[in-house]
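Q: how would this look folded up:
(one chain, ligands or ions: 1)
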Amino acid sequence: MPTPDAIRWQNEQLELLDQRLLPSQTTYLPYQRAEQVAAAIKDMVVRGAPAIGISAAYGMALEALYLASQKDANWAENLSSARTILAASRPTAVNLFWALERCDPLLAKHADIAELAEALLALAQQLHQEDIAINTRIGDHGAALIPEDSLVYTHCNAGALATGGYGTALGVIRSAWRDGKLRGVIAGETRPWLQGARLTSWELMQDKIPVTLAIEGAAAHLMREQKPSWVIVGADRVAANGDAANKIGTYNLAIIAKHHGVKVMVAAPTSTFDLTIDGPDIPIEQRPSEEITHSRGNPVAPDQCQTHNPAFDVTPAELIDAIVTEHGVILSPDRERIRQHFADAGVKP
Ligand SMILES: CSC[C@H]1O[C@H](OP(=O)(O)O)[C@H](O)[C@@H]1O
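A: Below you'll find the model as predicted:
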């Protein structure tokens with residue numbers, strides 16, 4: 001059975017698959033207001049850079065629909081406040097800000113809130129559908145790099161659950177499997193939120209793609225002993241110099257991969273690029289200690305134990321062999337090659 005949609009518009013409201021409960025429960029939560037969607041992003045009901053951006057766009061549409069229904073005279077001010085609340089939900093995934101910026105011209109264009117609401121909903125649905133098409137193109141471009149009979153290693157979840165559908169890193173894996181190039185996937189569990197254990201292994205098993213779950217601590221051992229051809233990951237923000245922010249632990253994997261001659265692929269749409277900054281300036285989200293000190297509400301560390309819980313790290317471009325977008329492949333990425341990729345694709349950064 002295919003992975004259920006992370007995001008769906010149904011009965012004139014947004015419904016988000018509560019990813020905190022996967023894989024044991026498939027529960028959709030209903031949303032009617034932007035502030036509720038912002039809380040869903042912050043609390044990781046929905047997560048993954050593209051999925052966060054799409055959800056934020058639906059959040060703007062929901063708020064406009066509500067303001068129109070209330071005939072709110074201060075709708076412009078209230079919609080602007082909603083935008084601010086959505087923008088503050090999580091700092092690292094640049095798709096959040098990219099999606100809100102895609103909404104901005106509509107806010108400037110429409111003087112009627114009912115017309116604006118319809119336009120924002122149409123945009124959110126367009127971004128949602130476009131993302132699925134983009135991911136299938138990323139998948140095909142990335143799969144072309146995978147040798148026959150490959151074992152690959154992936155981290156976190158950059159799958160259908162992190163996007164509008166199909167996935168970025170898992171899109172490459174799905175396309176490579178379709179093309180008969182894979183003999184298997186190693187999925188790192190990805191502490192503390194366990195996206196690899198709870199989400200990626202679940203997605204791949206649903207698709208009957210052979211997946212073996214491993215703890216992150218086994219990564220070096222497995223790369224030496226099992227020799228995967230590629231580490232394939234997603235991204236939350238790719239900087240102008242080619243550095244890529246992704247789930248914490250990605251930088252570790254890139255170092256281990258370099259030591260063992262395993263190639264590293266970052267699969268990301270151009271909406272995940274931020275050409276205004278370099279890697280060291282990417283904001284890294286710090287998440288609550290409880291994600292580390294507790295598991296399902298049970299303590300796994302001493303009470304009041306101090307923690308470090310950065311949700312992301314930045315992998316320098318020199319440790320990345322390829323960045324794959326919907327427009328093709330950037331081999332040995334650097335500032336100039338990224339600039340040229342955008343220019344060749346006719347994409348405005
Ligand atoms: C396709 S973007 C997926 C990206 O987002 C994840 O982070 P989080 O689960 O905290 O939203 C992780 O970095 C994935 O690679």
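
Q: please count neighbours and contacts with C-alpha atoms only from this point.
A: OK.

Q: show me what contacts residue 264?
A: By Cα atoms under 8 Å, 6 or more residues apart in numbering, residue 264 lies in contact with 230-233, 254, 257, 319-322.

Q: could you say which helix or strand contains the residue in the chain sticking out farthest from the centre?
A: Using Cα atoms, centre = their mean, the residue of the chain lying farthest from its centre is residue 73. It sits 36.4 Å away. Using DSSP states H and E, residue 73 is not contained in any helix or strand.

Q: hmm, back to that, in helices, which of the contacts of residue 264 appear?
A: 254, 257 (DSSP state H).

Q: counting neighbours, what do you get for residue 288?
A: Residues lying near residue 288 (other Cα atoms under 10 Å) number 13.

Q: again with residue 329
A: 21.

Q: so who does it touch?
A: 141-142, 322-323 are the contacts of residue 329 under Cα under 8 Å, 6+ apart.

Q: what is the nearest of these to the ligand?
A: residue 323 (13.0 Å; Cα to the nearest ligand atom).

Q: tell me how far residue 210 lies from residue 228.
A: Using Cα to Cα, to the nearest Å, one gets 14 Å for the distance from residue 210 to residue 228.

Q: neighbour count: the two, which is higher?
A: Legend: neighbour count by other Cα under 10 Å for residue 210 and residue 228, higher for residue 228 (21 against 15).

Q: show me where the stretch 51-200 of the chain has its helices.
A: Using DSSP state H, counting those that start in this stretch, the helices found in the stretch 51-200 of the chain span residues 75-87, 95-109, 113-143, 169-178, 195.

Q: who are the contact partners of residue 337?
A: residue 330.

Q: could you dump the host helix or strand of it to PDB, C-alpha only?
A: Assigning secondary structure by DSSP H and E places residue 337 in helix 335-345. Provided in PDB are the C-alpha atoms of helix 335-345 (Å, rounded to 0.1, in the frame of the first residue of the first chain):
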ATOM      1  CA  ARG A 335      29.300  28.500  -5.700                       C
ATOM      2  CA  GLU A 336      29.900  28.800  -9.400                       C
ATOM      3  CA  ARG A 337      28.400  25.500 -10.300                       C
ATOM      4  CA  ILE A 338      25.300  26.300  -8.300                       C
ATOM      5  CA  ARG A 339      25.000  29.700  -9.900                       C
ATOM      6  CA  GLN A 340      25.400  28.100 -13.400                       C
ATOM      7  CA  HIS A 341      22.800  25.400 -12.600                       C
ATOM      8  CA  PHE A 342      20.200  28.100 -11.700                       C
ATOM      9  CA  ALA A 343      21.200  30.100 -14.800                       C
ATOM     10  CA  ASP A 344      21.000  27.100 -17.200                       C
ATOM     11  CA  ALA A 345      17.600  26.200 -15.700                       C
END
